[in-house]
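Enquirer: Structure, please.
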Amino acid sequence: MRPIIEVNGLTKRYGEREALRGVSFEAGLGEMVAVIGPNGAGKTTLLSILAGVQPPSAGSVSLPSGEVGWVPQQPALYSRLSVAENLELFARLERSPDPRAAVAAMLEQTGLQERAFERVERLSGGNRQRVNIAIGLLSEPTVLVLDEPSSSLDPRQRERLWRFICAPSQRGRCVVFSTHNVAEAERYAHRVVVLADGELLFNGSPEEFAREAAGQSSPTRPPDFEGAFVEFLRERGH
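Expert: Numbering: from 1, shown residues only. All right, here's what the predicted structure looks like:
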């Protein structure tokens with residue numbers, strides 16, 4: 001598969017601190033990529049560079065120009081506007097040729113038609129996040145980048161949200177997301193990118209990661225995915 005994302009030697013410095021050091025990986029169309037790691041690992045920094053929010057200090061990122069949807073952790077919504085008004089506002093900011101048609105299509109895609117005229121401040125956390133992701137999809141991007149999309153949601157809201165997030169991948173888009181819930185990486189990702197202190201520690205499938213991490217644990221008690229992740233970091237001094 002030809003990669004749609006190519007990250008080579010990516011480095012980001014903030015003064016003397018290096019938030020990322022020589023990170024490299026690839027991802028293809030239809031692929032779900034989970035970026036996991038402890039706090040301060042550089043996950044948000046990596047995703048914001050992929051989204052074009054900030055430039056790298058060194059290295060390169062190759063991806064489709066102008067075809068990246070960015071969904072930050074905090075919903076970038078206007079609480080006193082309705083769902084449809086928020087979508088139309090951002091469709092116009094994206095210079096959609098037909099903002100109203102784009103809104104109608106996104107409401108149908110997200111299943112939010114019944115909430116179209118409801119003010120965002122009255123929505124549940126899960127529905128607000130669905131609107132947030134819908135905004136990232138308005139420009140029909142080839143790559144969708146999401147920072148902690150399911151944080152602060154209850155299990156039922158997370159399940160519904162992930163069905164929504166997986167849909168763009170099933171339609172051929174590349175989806176890159178960060179999460180502290182490593183079970184989500186195991187369940188939904190095709191590729192896992194593990195960061196710690198700005199370094200890339202692993203890049204491969206969840207199955208490959210589980211095998212590599214399990215090899216460091218007691219053979220009489222193989223850990224679950226989260227246990228394997230914790231042990232993997234501990235063995236590497238993180």
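
Enquirer: what about the nearest residue to P72 once chain neighbours are set aside, how many neighbours?
Expert: The shortest distance from P72 to any non-neighbouring residue, by Cβ to Cβ, 6 or more residues apart in numbering, is to D147 (5.4 Å). (Glycine included, C-beta is placed from N, CA and C.) Neighbour count of D147, defined by other Cβ atoms under 10 Å: 21.

Enquirer: average pLDDT for stretch 187-195?
Expert: Averaged across stretch 187-195, the pLDDT comes to 96.

Enquirer: Report the beta-bridge partners for F25.
Expert: Taking DSSP bridges as the rule, F25 bridges to V7.

Enquirer: Is the residue positioned nearest the centre of the chain in a helix, a strand, or coil?
Expert: Taking Cα atoms, centre = their mean, the centroid of the chain lies closest to F177, which sits 1.8 Å from it. F177 falls in the strand class when you classify it by DSSP: H, G, I helix; E, B strand; the rest coil.

Enquirer: can you tell me how far it sits from Y78?
Expert: Distance of F177 to Y78, computed by Cβ to Cβ, to the nearest Å: 24 Å.

Enquirer: now A210
Expert: In terms of Cβ to Cβ, A210 sits 42 Å off from Y78.

Enquirer: higher neighbour count, the two?
Expert: A210 (19 against 14).

Enquirer: Now do the buried residues in the biggest helix by length in the chain.
Expert: Identified as the longest helix of the chain according to DSSP state H is helix 155-170. By neighbour count on 16 or more other Cβ atoms under 10 Å, the buried set for helix 155-170 is 157-158, 160-162, 164-165, 168-169.

Enquirer: same question, stretch 125-132
Expert: Buried-residue list, stretch 125-132, by 16+ other Cβ under 10 Å: 126-132.

Enquirer: Greatest separation within the buried residues of helix 155-170: which pair is it?
Expert: Q157 and S169 (19.7 Å; Cβ to Cβ).

Enquirer: bridging residues for the residue nearest to the centre of the chain?
Expert: Where F177 sits in a bridge, its partners, by DSSP bridges, are A34, L146.

Enquirer: got the contact list for it?
Expert: 32-35, 145-147, 149, 165, 189 (Cβ atoms under 8 Å, 6 or more residues apart in numbering).

Enquirer: Before I go, just wanted to say thanks for your time.
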